[in-house]
Every structure is written in C-alpha cells, then in structure tokens.
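[1] Test case, fold it:
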Amino acid sequence: MALIAFWEILCRLGIWEPTLFPSPWRVAQTLWRTLADRSLLLATGVSLRRILVGYLLAQTLGVVLGVLLARLRWLEETVGSLVLGLQTLPSVCWLPLALLWFGLNDRAILFVVVMGALLAVTVSVHDGVKNVPPVYLRAARTMGTGPVALYTEVLLPASLPAILTGAKLGWSFAWRSLMAGELLFVSLGLGHMLMMGRELADMSQVVAVMLVIILLGLLADRAIFGVLAARVRERWGLAHP
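    Purely as a prediction, here's the structure:
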C-alpha cells in the first residue's frame with residue numbers, strides 16, 4: 001500500500017506527463033479492461049504454456065548435463081569452458097539463430113527460452129555435484145551402492161541445495177528469454193502485449209503487463225520454490241524451530 005501511495009503522489013506532482021507515467025487508477029482500469037475482454041488471460045495462458053515447456057526442458061537437460069560435466073573429467077575439460085562462455089551470452093543473442101533454424105513460430109521462442117535457462121541450471125548443478133564431500137561417495141561404495149543408486153541416493157540428494165538454486169536461476173532467465181522472444185516475434189503472449197502497449201503509446205498497458213509478470217514471479221517463488229527450499233532446509237537440518 002505504501003508503494004501505491006508513493007506512486008499516486010508522484011503522479012499528482014505532475015513530474016511526468018500522464019501518458020508517460022500513468023496513475024495506479026488508470027493502470028487498474030486497464031487491468032480490468034484487458035481481463036474483461038480476455039486478452040490478458042489469453043496472453044498469460046500462452047506465455048505460461050511456453051515458459052513451462054521451455055523451462056522443464058531446460059531443467060531436465062541442465063541437470064543431466066551438469067551431472068555429466070561434474071563426473072566425466074574429459075567432458076568437463078572439453079565442454080566445460082564452452083558452457084561457461086555461452087552463459088555470458090544474453091538470451092537475445094539466440095534470436096537470430098532461432099529464426100534461421102525454426103522460422104517465425106513457437107519452436108523458435110521455445111529454443112530461446114531453453115537456451116536462456118539451460119546454461120544457468122547446468123553450471124549450478126555442476127558446482128553442486130563437484131562440491132559433494134568425497135567421503136559420501138567412499139562410504140556409499142564401501143556399503144556396496146551400485147552405480148545408479150550412487151547418483152539417485154547420494155549425489156543428487158547431496159546436491160539438492162545447488163540444484164534448487166539452479167532451478168530458481170533458470171526460472172528467472174527463462175522469463176527474461178521468453179519476454180525477449182515475444183517482444184520481437186509477432187505472436188500472442190505477455191511480451192507481445194508489452195510491445196503493443198509501446199506501439200500504441202499506452203503506458204498503462206505496459207505497466208499493467210509488468211505487474212502481471214511480477215505477480216507471476218512472486219507466486220512461483222512463494223508457492224513452488226519457497227516450499228521446495230523449506231523442505232530442503234528441513235532435510236539438511238537448517239530449518240528454524
């Protein structure tokens with residue numbers, strides 16, 4: 001409420017033109033209008049579908065690649081530096097390749113989302129597996145743990161904090177990549193609504209869509225990542241009594 005009050009005060013001071021800095025009331029009206037005509041719901045549904053598919057692919061591939069890089073020295077020496085180098089690339093750099101390889105369609109946007117999140121997940125999982133104490137592995141082998149169980153019952157559980165960190169980073173990078181793709185591609189989605197608001201000089205629509213994106217991020221953090229983090233802390237004995 002304090003933030004909304006401060007926002008309203010800035011609007012009333014008239015520092016910026018109302019068309020450039022819309023009031024909370026005007027943004028609320030735009031939210032209601034886009035909800036009533038279902039354009040916001042449709043765009044949100046399309047964006048959520050894209051990010052869920054792309055994020056799940058990136059998370060799955062990132063965990064597998066991160067574990068392989070951490071466990072196979074030859075792979076780490078040959079591919080590890082490439083992964084670190086590619087991580088420095090902004091996700092928007094993948095857009096030209098996506099257009100050339102897939103054309104102007106959803107597959108191009110999914111490719112950008114996957115590449116935007118994949119490398120962050122891979123690096124986090126790699127670091128987590130590399131930091132597993134060797135005594136865990138020696139104890140598991142001494143007790144006759146098989147190769148598959150070594151990963152499923154020792155390495156991955158011990159790496160859960162790093163994997164969760166990678167999952168949160170991957171989610172944020174996936175959203176950024178999705179917005180980059182939807183802003184430049186002519187298709188439905190929240191990014192497209194942002195672009196249309198800019199093209200029509202409707203800053204209330206731009207701010208409204210930004211608020212929706214922030215709300216979705218907060219919901220994901222509280223309902224998914226927050227719950228998972230609490231369970232990991234409890235498992236590791238870090239939860240406060």
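
[2] center of this protein - which residue?
    For the chain, the residue whose C-alpha lies nearest the mean C-alpha position (C-alpha atoms, centre = their mean) is residue 171; its distance is 1.8 Å.

[3] I'd say it and residue 218 touch.
    No - between residue 171 and residue 218 there is no contact under C-beta atoms under 8 Å: 11.9 Å. To be clear about C-beta, it is placed using only N, CA and C from the backbone, and glycine gets the same treatment.

[4] list residues touching both of those two?
    Between them, residue 171 and residue 218 share no contacting residue under C-beta atoms under 8 Å, 6 or more residues apart in numbering.

[5] Report how far apart the opening and closing residues of stretch 79-99 are.
    One end of stretch 79-99 sits 25 Å from the other (C-alpha to C-alpha, to the nearest Å).

[6] where are the low-confidence patches of this structure?
    The model of the chain has pLDDT under 70 over residues 1, 7-8, 14-15, 18-19, 186, 236-241.

[7] Only the buried residues of the longest helix along the chain, if you could.
    Identified as the longest helix of the chain according to DSSP state H is helix 39-71. By 16 or more other C-beta atoms under 10 Å, the buried positions in helix 39-71 come out as 40, 43-44, 46-47, 50-51, 54-55, 57-59, 62-63, 65-70.

[8] where's the closest residue to residue 54 other than its chain neighbours, which helix or strand?
    Nearest residue to residue 54 in three dimensions, chain neighbours excluded: residue 113, at 3.1 Å (C-beta to C-beta, 6 or more residues apart in numbering). Assigned by DSSP states H and E, residue 113 belongs to helix 106-130.

[9] Likewise for residue 21?
    Applying DSSP H and E, one finds residue 21 in no helix or strand.

[10] pretty sure it is in contact with residue 203, am I right?
    Yes - applying C-beta under 8 Å, one finds residue 21 in contact with residue 203, separated by 7.0 Å.

[11] Looking at those two, which is more packed in?
    For residue 21 versus residue 203, neighbours defined as other C-beta atoms under 10 Å are more numerous around residue 203 (20 against 17).

[12] now residue 213: how far from residue 172?
    With the distance defined as C-beta to C-beta, to the nearest Å, residue 213 ends up 11 Å from residue 172.

[13] out of these two, which sits in the busier spot?
    It is residue 213, of residue 213 and residue 172, that has more neighbours when counted by other C-beta under 10 Å, with 18 against 15.

[14] quick one: contacts for the more buried one?
    Taking C-beta under 8 Å, 6+ apart as the criterion, residue 213 is in contact with 175, 179, 190.

[15] For the last one, which non-adjacent residue is closest in space?
    It stands for residue 190. Leaving aside its chain neighbours, residue 190 sits nearest to residue 47 (4.5 Å; criterion: C-beta to C-beta, 6+ apart).
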